[in-house]
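In: Sequence plus the predicted model coming up.
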Amino acid sequence: SLRWGRRFRRRRCLRPVVMQAMAGRLARLVRHLWLDEADSRRAVPPAAAQRLAEQVAASERRHTGEIGVCVEASLPLDWLWPVPDEAAVPALVRRRALSWFGQLGVWDTPDNTGVLVYVLLAERAIEIVADRGLARHLPADAWAPVLDGLRAAWRAGEPEHGLAQAIEAVGQVLETHFPARTAQERPNALPDAVWCC
């Protein structure tokens, strides 16, 4: 009776927390089901994607690295099941960025100097993945200012501007550590494109 009363009160106190967690997971699932490739193309229209690709090409003439940009609207259902809670999302986004890093071949560069700028619209999340050739030259938090600038631009409704700044910053890091000395030294291992998926 007294024990039962305590247990009942505890359950009543936990109900809002459980309901909020369930609502958050349901909202996450709906966001990912709702957004698709058309949303990526609205965020980065073809003309903007072309300008960014030209900026990547110009940057890559100054160093021996490769820069990739991937804007993904949402995760496939098999990546979302079971639906992750808020604490698990950053690791999930990082895993997805690493997956695209491999799928797009950004890792497949002569000096292991590929860098992928990855944006996941459904989570408003951004990751930068640098291959091991570059990563060993950088401290763990090297990309934090670039990520902060890109997030701020995205929140301000200026995704192209934010991506342009990120490409410029990544290019400067690559130029510092892997400058191109001659045209022959600069084979283009990847297409200069912005992937919207």
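Out: Okay, I see it.

In: the strands in this structure, which residues?
Out: Remark: strands assigned in the chain by DSSP state E are 66-72, 114-120, 125-130, 194-196.

In: I'd like the ones you listed as a markdown table, with distance to residue 31, mean pLDDT and mean neighbour count appended.
Out: For every residue, glycine as well, the C-beta is placed using N, CA and C. Formatted as a markdown table, those follow (distance: least, CB to CB, whole Å; pLDDT from 0 to 100; neighbours: other CB atoms under 10 Å):
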| stretch | distance to residue 31 | mean pLDDT | mean neighbour count |
| --- | --- | --- | --- |
| strand 66-72 | 13 | 96 | 25 |
| strand 114-120 | 10 | 96 | 26 |
| strand 125-130 | 12 | 96 | 21 |
| strand 194-196 | 17 | 92 | 22 |
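
In: With distance to residue 176 as extra columns, can I get these in TSV?
Out: TSV is the format used below for the strands of the chain (distance: least, CB to CB, whole Å):
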stretch	distance to residue 176
strand 66-72	14
strand 114-120	13
strand 125-130	13
strand 194-196	24
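
In: how many other residues sit next to residue 30?
Out: When neighbours are defined as other CB atoms under 10 Å, residue 30 has 11 of them.

In: Then the one 4 residues further on?
Out: The local packing count at residue 34 equals 11, with neighbours defined by other CB under 10 Å.

In: ok, now the one 3 residues further on?
Out: By the criterion of other CB under 10 Å, residue 37 has 13 neighbours.

In: before we move on, what about the one 3 residues further on?
Out: Here the number of neighbours of residue 40 (other CB under 10 Å) works out to 23.

In: Please pull out the lowest mean pLDDT helix or strand from the chain.
Out: helix 2-34 (a mean of 61; mean pLDDT, DSSP states H and E).

In: Skipping adjacent residues, who's closest to the residue nearest the centre of the chain in space?
Out: For the chain, the residue nearest the mean C-alpha position is residue 118 (2.7 Å; CA atoms, centre = their mean). Once flanking residues are discounted, residue 118 sits nearest to residue 97: 3.9 Å by CB to CB, 6 or more residues apart in numbering.

In: got it, and residue 164?
Out: residue 55 (5.9 Å).

In: Hmm, that neighbour is touching residue 167, no?
Out: Yes. Here residue 55 reaches residue 167: they are 5.2 Å apart, a contact under CB atoms under 8 Å.
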